[in-house]
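**Student:** I'll drop the sequence and a predicted model, then ask my questions.
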Amino acid sequence: MEETNLLNKELDESVQGTATMVESIQDGSKKLYLESYGCQMNFSDSEIVASILCKSGYSTTRNALDADVILMNTCSIRENAEQRVRNKLRQYQKQKKQNPSLVIGILGCMAERLKKQLLEEEKLVDLVAGPDSYRDLPNLIDEVEGGQKAVNVLLSREETYADIAPVRLGKNGVTAFISIMRGCDNMCSFCVVPFTRGRERSRDPESIVQEAQELFDQGYREVTLLGQNVNSYRWNITKKNELIDPSKPTVSFAQLLEKVALVSPLLRVRYSTSHPKDMTDDVLHTMAEYPNICKYVHLPVQSGNSNVLARMNRGYTREWYLERIAAIRRIMPEASISTDIITGFCDETEDEHQDTVSLMEACNFDYAYMFSYSEREKTLAERKFEDNVPAEVKQRRLNEVQALQHEMAFRNNAKTLGNLYEVLVEGISKRSDDEVYGRNSQNLTVIFPKNNFKPGDYAMVRITEYTSATVKGVVEN
Ligand code: SAH
Ligand code: SF4
Ligand code: F3S
């Protein structure tokens, strides 16, 4: 509701496209307006950008008209995500006509994908900085102010920004993201991320645990560990299982999860995203063992048909995926599960689409993020297959899976009626000042009377009402 906490999708309309910023972190002389699009990773990166620039004397503003520097942190995952950013940039170009010293820059995945194009050909920006070049931003801005155009789109094999304490933007003071890795080494044939984010690399576990501890000490009560494929997190060990430094221990994702869970039983731990091919039972057992690791798994399936999955280069079959869902249900019967689905991928037949529908029914997902296929330049799919499912067929299939998901969510929420959940309060409900909202371990948004609750408190709530998106309840002591 108020916020989605899943990685790798454009966030809800309510969050998407909204600028994330804080008012006057420090009385810097120059004003920065930072706007973020795309996945949680991008929102998390914006907090690193804010940290770097605040150290260089900037303060953030909520008003673009006030800004000396406008930076847009962008997403390339689907064509329409990029179009939206171009429209916004055109608007800022009008502002620059009135105020020629205004610096307009583009960050994130569009910057990396299009490189100089937005600067030289489309003339929409003065500055282009890819996801691994944010330490260079103060210099890049200086170059622009000195009358030059500035570009840094070098990808790195090492950069994890481990030493940079993010400035928490748009914060509720209760929930925060922690990036645990960057990049992606999978080559899903539809996906642009490996091109925009570069090679996969894991961040030093000590810096991750320290960040979690600091957040907890500041009053935060939930952290979400972020990566494109968190199951392949590894520290001090190569992909071929070779030890890097024999004097130090290795750390797997399950072990990292445990380390963060041990920070405090009052600190909830979530993570996103898992890849079905790498989702191992050790992670599920660790989740089951610690009550503060949330019982919620986001496991993007993309398609329910094994031939489509092979064309997508996902590395698993329908049967494998169903077995992983069975493992989750076996090890954590109370867990909720969500997924991502793409409709109308290259050559998808009606029968193949129906396999997605039947898989959704078999898995009984609590939530799903659903998209129609958008061809991306340079991807394997663009080179190997034809984007041959007509737009209206893609859309019709999308409508079909959306309707089914809506129905399943309604049915699943109905089953919560009468249940008692521990809910972490995140804020005042948008609809009423007398109500607060928060989520249960299963990531379901729960609304209940405010009483004396404040953000960061835990409440035991019994469910009394439901819709397909949220449930309402009353507090029980
Ligand atoms: N790393 C995550 C997903 C990253 S992108 C994972 O592997 O699960 C988030 C979601 O966007 C994907 O799961 C997919 O459903 C969707 N997506 C990615 N590329 C897409 C494309 N070209 N067209 C439509 N949807 C896409
Ligand atoms: Fe894209 Fe696949 Fe990597 Fe996810 S795992 S970011 S879908 S390439
Ligand atoms: Fe995220 Fe979009 Fe980039 S989903 S990794 S911001 S392409």
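**Tutor:** Ah, there it is. If you're wondering where the values come from, they're calculated on a predicted model, not measured in any experiment. Ligands and ions are numbered 1, 2, ... in the order given.
**Student:** helices and strands around the helix or strand of the chain with the lowest mean pLDDT, which ones?
**Tutor:** Least confident helix or strand, the chain: strand 58-60 with a mean of 92, by mean pLDDT, DSSP states H and E. Under the contact criterion of 3 or more C-beta pairs under 8 Å, 6 or more residues apart in numbering; DSSP states H and E, strand 58-60 touches strand 30-36. Where C-beta positions appear, they are placed from N, C-alpha and C, glycine not excepted.
**Student:** got the CA positions of the strand it packs on in CSV?
**Tutor:** Output of strand 30-36 as CSV, limited to C-alpha atoms (Å, rounded to 0.1, in the frame of the first residue of the first chain):
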residue,chain,number,x,y,z
LYS,A,30,24.2,24.4,-3.3
LYS,A,31,20.8,22.8,-3.6
LEU,A,32,20.4,19.3,-5.0
TYR,A,33,17.1,17.9,-6.3
LEU,A,34,17.3,14.1,-6.6
GLU,A,35,14.6,12.1,-8.3
SER,A,36,14.5,8.3,-8.4
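**Student:** wait, does it contact ligand 3?
**Tutor:** No. If you take C-beta under 6 Å from any ligand atom as the test, strand 30-36 misses ligand 3, and the best it gets is 8.8 Å.
**Student:** try stretch 342-350
**Tutor:** No. Contact of stretch 342-350 with ligand 3 (C-beta under 6 Å from any ligand atom) is absent, the minimum separation being 13.3 Å.
**Student:** picking up where we left off before, identify the neighbouring strands of the least confident helix or strand of the chain in the sheet and state each direction.
**Tutor:** With DSSP bridges as the test, strand 58-60 is paired with strand 30-36 (parallel).
**Student:** and the helix or strand that the strand it pairs with is followed by, what's its mean pLDDT?
**Tutor:** Per DSSP states H and E, the first helix or strand lying C-terminal to strand 30-36 is helix 40-55. Rounded to a whole number, the mean pLDDT of helix 40-55 is 94.
**Student:** Packing partners of helix 40-55?
**Tutor:** strand 30-36, strand 69-74, strand 103-107, helix 108-114, helix 137-145, strand 175-179, strand 222-226.
**Student:** rerun that using 6 Å as the cut-off
**Tutor:** In terms of contacts (3 or more C-beta pairs under 6 Å, 6 or more residues apart in numbering; DSSP states H and E), helix 40-55 is packed against strand 30-36, strand 175-179, strand 222-226.
**Student:** Okay, angle between it and strand 69-74 too, please.
**Tutor:** 160 degrees (axes from the mean of the first three to the mean of the last three C-alpha atoms, to 10 degrees).
**Student:** Output helix 40-55 as PDB, restricted to C-alpha atoms.
**Tutor:** Output of helix 40-55 as PDB, limited to C-alpha atoms (Å, rounded to 0.1, in the frame of the first residue of the first chain):
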ATOM      1  CA  GLN A  40      14.700  -0.600  -4.700                       C
ATOM      2  CA  MET A  41      18.400  -0.800  -5.700                       C
ATOM      3  CA  ASN A  42      18.100   2.600  -7.400                       C
ATOM      4  CA  PHE A  43      16.400   4.100  -4.400                       C
ATOM      5  CA  SER A  44      19.200   2.700  -2.300                       C
ATOM      6  CA  ASP A  45      21.800   4.100  -4.700                       C
ATOM      7  CA  SER A  46      20.200   7.500  -4.400                       C
ATOM      8  CA  GLU A  47      20.900   7.400  -0.700                       C
ATOM      9  CA  ILE A  48      24.600   6.900  -1.500                       C
ATOM     10  CA  VAL A  49      24.500   9.700  -4.000                       C
ATOM     11  CA  ALA A  50      23.000  12.000  -1.400                       C
ATOM     12  CA  SER A  51      25.700  11.000   1.000                       C
ATOM     13  CA  ILE A  52      28.500  11.700  -1.400                       C
ATOM     14  CA  LEU A  53      27.100  15.100  -2.400                       C
ATOM     15  CA  CYS A  54      26.200  16.200   1.100                       C
ATOM     16  CA  LYS A  55      29.800  15.600   2.000                       C
END
